[in-house]
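K.L.:
Have a look at this fold, sequence not included:
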């Protein structure tokens, strides 16, 4: 974990309430796709954890949904705003067990961390397939960006207004060697039941500190309690115990 100051380089709407922000600063602590940053926002006590979508040597791209006071303030930020940011948080995805044909499954704002993951898997020569799930066509984002990487992309919408009608499980391919997924818990449960290979799940959870001190985001697993912010957010399929 590293604490440093970042400057807002750009901040733009992708859909009605989903935004892409590029921050400029020291990204050296971000070493794996699936990690997140934690942003301090003036006037609010708790930082806001946001997954990393992409990074360069001096910029980090995040995509977030405006759903509360913190993200609403973020959506109004202009270039030049200076932010106190914790970087390099969470364990991230393990790319070493992907096999030759990894499948990436994202739902809503669970899509962004899969972008950096796809880039790195492709750089390893893997044939990457991506499923992006949304409720309606108006909510779809980053389809073109994933296609530009060279991935095979399938889009699902619950109402059928774009791509395959239904949930992400309606577009599962016949042949893949492993899977990586991120999204709301009902989607993750459905993927868990439908996919028959090894897989890695990135969980969305309310957090206090973001680095394992407060224990506020602990969840029970096969091997005991784990902190989503520190031991996660990525858990392996065989570790997961779904709560009733």
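P.N.:
Arrived safely, thanks for sending. Quick caveat, the model's predicted, so the values are computed rather than measured.
K.L.:
so how far is residue 33 from the closest residue in space to residue 72 that isn't next to it in sequence?
P.N.:
Of all residues not flanking residue 72 in the chain, residue 66 sits nearest, at 5.2 Å (C-beta to C-beta, 6 or more residues apart in numbering). For every residue, glycine as well, the C-beta is placed using N, CA and C. Going from residue 66 to residue 33 by C-beta to C-beta, to the nearest Å gives 24 Å.
K.L.:
Could you check which of those two has the larger neighbour count?
P.N.:
residue 33 (27 against 17; other C-beta atoms under 10 Å).
K.L.:
who's in contact with the more buried one?
P.N.:
Applying C-beta atoms under 8 Å, 6 or more residues apart in numbering, one finds that residue 33 lies in contact with 52, 92, 93, 95, 113, 114, 116, 117, 119, 120.
K.L.:
Let me see the backbone angles for it.
P.N.:
When read as degrees, to the nearest 10, the backbone of residue 33 gives phi -60, psi 140.
K.L.:
now swap in the one 10 residues further on and tell me
P.N.:
With angles defined as degrees, to the nearest 10, residue 43 shows backbone torsions of phi 90, psi 0.
K.L.:
Can you tell me what sits against the strand ranked longest in the chain?
P.N.:
When every strand of the chain is counted residue by residue (DSSP state E), the longest turns out to be strand 2-13. With contacts defined as C-beta under 8 Å, 6+ apart, strand 2-13 is touched by 19-26, 28-29, 59-60, 74-75, 77-88.
K.L.:
Please pick the buried ones from those.
P.N.:
Among those, those classed as buried by 16 or more other C-beta atoms under 10 Å are 19-26, 59-60, 74-75, 81, 83, 85-88.
K.L.:
Let me see the ranges of the helices in the protein.
P.N.:
With DSSP state H as the definition, the chain shows helices at residue ranges 69-75, 112-123, 143-149, 185-194.
K.L.:
closest to residue 100 out of those?
P.N.:
Using C-beta to C-beta as the measure, helix 112-123 is the one of the helices of the chain that comes nearest residue 100, at 10.0 Å.
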